[in-house]
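Engineer: sequence first, predicted coordinates after that:
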Amino acid sequence: MLRALSTSATGLEAQQANIERISNDIANVNTDGYKKSRNEFQDLMYQTVKEPGAQLGNGTISPVGVQAGLGVKVGASYKDHEQGPAKMTYNPLDLMIEGQGYFSVQMPNGQVGYTRVGAFKKDQEGRVALSTGALLVPQVTIPNNAMAINVNSTGEIKVTLPGQAEAVVGQIQLVNFINSDGLMAQGNGVFYPSQASGDPVQGTPGDNGMGQIQAGALEGSNVNIANSMVEMITTQRAYEMNTKLMGVADKMLESTVNIK
């Protein structure tokens with residue numbers, strides 16, 4: 001009974017972690033560039049009473065063994081980098097990556113992060129940056145007298161100046177990773193590489209498997225609210241079953257204690 005109580009407790013912890021993940025996903029259903037999370041569960045170590053293949057008293061070998069499971073744990077928690085839906089804004093500096101790749105941005109602390117959030121703006125110096133102050137890398141500056149901005153599918157940034165022809169002022173470069181699941185989320189839609197993700201590989205949009213740029217659009221959250229609601233219900237039921245199992249184990253332990 002004591003083992004059943006501790007095993008049920010691990011089940012409650014695992015389902016609590018799952019409901020916390022789902023709640024964070026649902027909270028960010030309207031967050032541009034947000035990537036939903038995934039939890040993977042693993043069973044804990046086993047108490048082996050008898051190993052499979054153990055010698056029996058009559059000289060034969062046991063075809064099966066006796067092992068008791070000790071519960072469950074969260075084995076992995078990571079982001080699902082599936083592309084989200086397009087949201088048309090018609091703002092020339094709202095950029096969406098159609099396909100693989102990430103924008104490189106220099107954070108205010110000097111570090112370079114990677115993001116799918118393309119809601120760029122001009123800062124006080126005309127530099128292309130996110131609302132957090134993170135600057136697009138390579139850095140692009142829009143002239144103050146630019147009458148129009150155009151970003152094509154290959155990432156070329158062109159502006160129209162008074163009395164002049166259209167001029168190229170910058171080129172967007174994208175990066176990709178061998179294992180995007182290994183990226184570390186830092187908030188604000190920014191990820192940092194890790195040893196698991198591998199080093200960033202830079203390329204021009206549309207080349208070598210890199211996605212293309214869609215100007216005037218943003219990538220929405222890839223959270224599917226219907227799927228998240230179903231997950232929430234099944235997680236709630238799993239939590240309830242673990243609490244009921246804990247109650248049954250407690251009743252059995254109570255009966256044992258009250259034996260006269």
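Structural biologist: Structure's in. What do you need? Residues are numbered from 1 along each chain as shown.

Engineer: quick one: residues contacting Gln16.
Structural biologist: Contacts for Gln16 (Cβ atoms under 8 Å, 6 or more residues apart in numbering) come out as Tyr239. For glycine as for every other residue, the C-beta is placed from the backbone atoms N, C-alpha and C.

Engineer: isn't there a strand covering it?
Structural biologist: No. The assignment for Gln16 is helix, going by DSSP: H, G, I helix; E, B strand; the rest coil, so no strand is present there.

Engineer: and it, how far is that from Ile26?
Structural biologist: Separation of Gln16 from Ile26 (Cβ to Cβ, to the nearest Å) stands at 16 Å.

Engineer: Met96: what secondary structure?
Structural biologist: Applying three-state DSSP: Met96 is strand.

Engineer: then Tyr114?
Structural biologist: At Tyr114 the chain is in strand, as set by three-state DSSP.

Engineer: wait, it sits on Val201?
Structural biologist: No. Counting by Cβ atoms under 8 Å, Tyr114 stays clear of Val201, with 11.3 Å between them.

Engineer: the two: which has the busier surroundings?
Structural biologist: The neighbour count for Tyr114 versus Val201, taken as other Cβ atoms under 10 Å, is higher for Tyr114 (24 against 14).

Engineer: from Lys87, how far out is the residue nearest to the more buried one when sequence neighbours are not counted?
Structural biologist: Nearest residue to Tyr114, sequence neighbours excluded (Cβ to Cβ, 6 or more residues apart in numbering): Tyr102, at 3.9 Å. The gap separating Tyr102 from Lys87 is 18 Å, by Cβ to Cβ.

Engineer: looking at the two now, which is surrounded by more residues?
Structural biologist: Counting neighbours by other Cβ under 10 Å for Tyr102 and for Lys87 shows that Tyr102 has the greater number, 25 against 14.

Engineer: does the more buried one touch Val190 like I think?
Structural biologist: No. Using Cβ under 8 Å, Tyr102 is not in contact with Val190; the gap is 9.4 Å.

Engineer: touching both of the two, which residues are there?
Structural biologist: Taking Cβ under 8 Å, 6+ apart as the criterion, Tyr102 and Val190 both touch 114-115.
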